[in-house]
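Asker: Provided below are the primary sequence and the corresponding predicted coordinates.
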Number of protein chains: 2
Amino acid sequence: MALTDDAITRLRTMIQLGELPPGSRLPTEAQLSTQMGISRSGVREAVKVLEAARVLDVRRGDGTYVTSLAPRLLLEGLGVAVELLRDDTLMEVMEVRRMLEPAATGAAALRMSDAELDELGQILEDMRAAKDDAERLIGYDAAFHRTVIAATGNETLTSLLDGLSGQTLRARVWRGLIEGNSAHVTLSEHEAIYLALRSRDPLLAQASALLHVNTSESWLRTVLSAA
Amino acid sequence: MALTDDAITRLRTMIQLGELPPGSRLPTEAQLSTQMGISRSGVREAVKVLEAARVLDVRRGDGTYVTSLAPRLLLEGLGVAVELLRDDTLMEVMEVRRMLEPAATGAAALRMSDAELDELGQILEDMRAAKDDAERLIGYDAAFHRTVIAATGNETLTSLLDGLSGQTLRARVWRGLIEGNSAHVTLSEHEAIYLALRSRDPLLAQASALLHVNTSESWLRTVLSAA
DNA sequence: CCTATAAAGACATCAGATGTTTCCTGAGTT
DNA sequence: AACTCAGGAAACATCTGATGTCTTTATAGG
């Protein structure tokens, strides 16, 4: 299986070298087929792979374009990958989050604007109001962390941590929390993070984020060992 | 464009739900085509996407199988993504490494075996011997860090950091180092990391790793601003 | 100048044929 | 009984051509 993979590599190389800059339009399938000396089927498979990787944007009836190549696009696949990981490797993911999330939260403490802090406070209130609705709680939880991390202004970091906190993973942690009647603990941990950020205290923010990740890790371990 | 994407989602869901466990064999293209009600072309494109994501392993003349779904496979795509990032987002990647690599190195200090330490010492010696050969230096540099991170025993972490330290990125940092006649600085930084690990001193290891990443970040900034 | 329709261009999908590779079976041999 | 190897079946790889559908653009009419 060389032809199609060659085509993938060739397209990727052209993009990497800047011959096909972000936003530019690719030749048509027929032209690519001729240029690369393979059939249109092969071209289509190659393009499909790069489209799935958010490198190309195929617009039916129009043409195929190179995306912006923004981190948020290219790192989108990480989330999908994490969702497919087997249970026995999820603790590894949590260990990475334990390393990354406190540091990111600490950085956010120095960069968060007043408006972002207000937004965060609002999410906290929403959480309190929804404390008996697991579904909404999980949503607010995700929003809370996304808001914090996004405040670092680092899109790559945001996308990575977003991918590492996949929906399924988050849902499992919450299942543990709820079954263990400990949702209130998490709420107070969120409050601690919020207060630290509000004080723009990076060390305190880092510490409270670590405690929070650690709690999640514990409950995930519980859920996984129960299965 | 729904049919093929539906097929991708359906296959991914089946794998996620465990209906197609790691190592299992998929129905043939013809059977999938019938089951999903789309043409073989569509099936092939879907399978190709999942093959590129290292979710499926297609063996010509044999059949298509689900891979082990090991982190090292599923996270392989991260490296490719990083290689495609535009220059103006590379500093974001370095900031993530700044957060992650010190923590990982600190963890390695507690977990590294004597054999691994010896291996690391050997790589250091190789680096000293190759101090005028940029190509080999870069190779040993990569080997050094891979060995350290791998000692954490966390395959997910290893794959992530490996992807974040793409070849191109590393080569650029080294180009800056060499043009700035500062390769020797990096060598001594590696020695500091090695000594900290040898002493199994997590805080010292973390600190020396941070200094090292910081140096890389500075040189990358130099290289990028020159362009 | 605006609008609606027609035409052209491009991707989406399908169907069928042919080439290659791998695996397995069975005949023959030792 | 075990081993070897040729043959065939199964499965993926690739190509070709036709048809459908959508988008964009050009054009004719108001």
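Answerer: It's in. Residues are numbered from 1 along each chain as shown, chains lettered A, B, ... in the order given.

Asker: Give me the residue ranges of chain A where confidence is low.
Answerer: Counting by pLDDT under 70, the low-confidence segments of chain A come to A:1.

Asker: what about the residue of it found nearest DNA strand D, which helix or strand?
Answerer: With distances taken as C-beta to the nearest atom of the strand, chain A approaches DNA strand D most closely at residue A:61, which sits 2.4 Å away. Yep, even glycine has a C-beta here, placed from its N, CA and C like the rest. Secondary structure from DSSP states H and E places residue A:61 outside every helix and strand.

Asker: what number of residues lie near it?
Answerer: Residue A:61 has 4 neighbours, counted by other C-beta atoms under 10 Å in any protein chain shown.

Asker: With residue A:135 instead?
Answerer: Neighbouring residues of residue A:135 were enumerated by other C-beta under 10 Å; the total is 9.

Asker: what does residue A:204 give?
Answerer: Here the number of neighbours of residue A:204 (other C-beta under 10 Å) works out to 18.

Asker: Enumerate the residues of chain A near DNA strand D.
Answerer: A:1-4, A:37-42, A:59-62 (C-beta under 7 Å from any atom of the strand).

Asker: same thing but 10 Å
Answerer: If contact is defined as C-beta under 10 Å from any atom of the strand, the residues of chain A in contact with DNA strand D are A:1-7, A:29-30, A:33-34, A:36-46, A:59-63.

Asker: Could you restrict those to the ones contacting DNA strand C?
Answerer: Filtering these for proximity to DNA strand C by C-beta under 10 Å from any atom of the strand leaves A:1-2, A:29-30, A:33, A:39-41, A:43-44, A:59-63.

Asker: Phi and psi next, for the residue of chain A closest to DNA strand D.
Answerer: Main-chain torsions, residue A:61, degrees, to the nearest 10: phi 80, psi -10.

Asker: Repeat that for the one 10 residues further on.
Answerer: When quoted as degrees, to the nearest 10, the phi and psi of residue A:71 stand at phi -50, psi -40.

Asker: Give me the distance between the nearest residue to residue A:183 once chain neighbours are set aside and residue A:218.
Answerer: What sits nearest to residue A:183 in space, not counting adjacent residues and going by C-beta to C-beta, 6 or more residues apart in numbering or on different chains, is residue A:177, at 5.1 Å. Remark: distance between residue A:177 and residue A:218 (C-beta to C-beta, to the nearest Å) = 10 Å.

Asker: I'd assumed residue A:185 was in a helix, is it?
Answerer: Yes - residue assignment for residue A:185, taken from DSSP: H, G, I helix; E, B strand; the rest coil, places it within a helix.

Asker: dump the residue contacts of it.
Answerer: The contact partners of residue A:185, by C-beta atoms under 8 Å, 6 or more residues apart in numbering or on different chains, come to A:177, A:215.

Asker: all strands in chain A, in order from the N-terminus.
Answerer: In order along the chain, chain A carries the following strands (DSSP state E): A:56-59, A:63-66.

Asker: Export those as TSV, with columns for mean neighbour count.
Answerer: Listed next are the strands of chain A as TSV, based on neighbours: other C-beta atoms under 10 Å in any protein chain shown:
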stretch	mean neighbour count
strand A:56-59	16
strand A:63-66	18
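
Asker: Can you lay out the ones you listed as JSON lines showing distance to residue A:136?
Answerer: Supplementary listing: the strands of chain A in JSON lines, determined by distance: least, C-beta to C-beta, whole Å:
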{"stretch": "strand A:56-59", "distance to residue A:136": "33"}
{"stretch": "strand A:63-66", "distance to residue A:136": "38"}
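
Asker: Looking at those strands, which is nearest to chain B?
Answerer: Minimum separation from chain B across the strands of chain A (C-beta to the nearest C-beta) falls at strand A:56-59, 7.0 Å.

Asker: can you list the residues that contact that closest one?
Answerer: Counting by C-beta under 8 Å, 6+ apart, strand A:56-59 makes contact with A:11, A:26, A:47, A:50-51, A:64-67, B:1, all of which sit outside it.

Asker: For chain A, what lies in contact range of DNA strand C?
Answerer: Contact residues, chain A versus DNA strand C (C-beta under 10 Å from any atom of the strand): A:1-2, A:25-33, A:39-41, A:43-44, A:47-48, A:51, A:56, A:58-65.

Asker: now with 6 Å?
Answerer: Among all residues of chain A, those adjacent to DNA strand C (criterion: C-beta under 6 Å from any atom of the strand) are A:28-29, A:44, A:58, A:60-64.

Asker: circling back: may I ask which of the ones next to DNA strand C among the residues of chain A next to DNA strand D has the most neighbours?
Answerer: The residue in those with the most neighbours, by other C-beta under 10 Å, is residue A:43 (26 neighbours).

Asker: Would you confirm that that one contacts residue A:36?
Answerer: Yes - checked against C-beta atoms under 8 Å, the pair residue A:43 and residue A:36 is within contact range at 6.8 Å.

Asker: Need the overlap of contacts for the two.
Answerer: When contacts are counted by C-beta under 8 Å, 6+ apart, residue A:43 and residue A:36 have residue A:7 as shared neighbours.

Asker: residues in contact with the spatially closest residue to residue A:73 that is not a sequence neighbour?
Answerer: Spatial nearest neighbour of residue A:73, chain neighbours left out: residue A:54 (4.0 Å); criterion: C-beta to C-beta, 6+ apart. Taking C-beta under 8 Å, 6+ apart as the definition of contact, the neighbours of residue A:54 are A:67, A:73-74, A:76-77.

Asker: returning to what we had before: neighbour count: residue A:177 and residue A:218, which is higher?
Answerer: The neighbour comparison of residue A:177 against residue A:218 (other C-beta under 10 Å) goes to residue A:177, with 26 against 16.

Asker: Could you measure from the more buried one over to residue A:171?
Answerer: Plainly put, residue A:177 is 11 Å away from residue A:171 if you go by C-beta to C-beta.

Asker: Then residue A:33?
Answerer: From residue A:33 over to residue A:171 the distance is 44 Å, taken as C-beta to C-beta.

Asker: and what of residue A:74?
Answerer: When C-beta to C-beta is the yardstick, residue A:74 and residue A:171 sit 26 Å from each other.

Asker: Counting neighbours, go ahead and name the busier of the two.
Answerer: Between residue A:74 and residue A:171, counted using other C-beta under 10 Å, the more crowded position is residue A:74 (26 against 13).

Asker: quick one, what contacts the more buried one?
Answerer: With the criterion set at C-beta under 8 Å, 6+ apart, residue A:74 makes contact with A:53-55, B:81-82, B:84-85.

Asker: Quick one: distance of stretch A:112-121 to the chain centre.
Answerer: Between the centre of stretch A:112-121 and the centre of its host chain there is 21 Å, according to C-alpha atoms, centre = their mean, to the nearest Å.

Asker: how is chain A carved up into domains?
Answerer: Described in terms of automatic domain parsing, the domain architecture of chain A consists of the residue ranges A:3-69, A:74-226.

Asker: Pick the most deeply packed of the ones you listed.
Answerer: Mean neighbour count, computed with mean count of other C-beta atoms under 10 Å in any protein chain shown, is highest for domain A:74-226 among the domains of chain A, reaching a mean of 19.

Asker: Thank you kindly, that will do.
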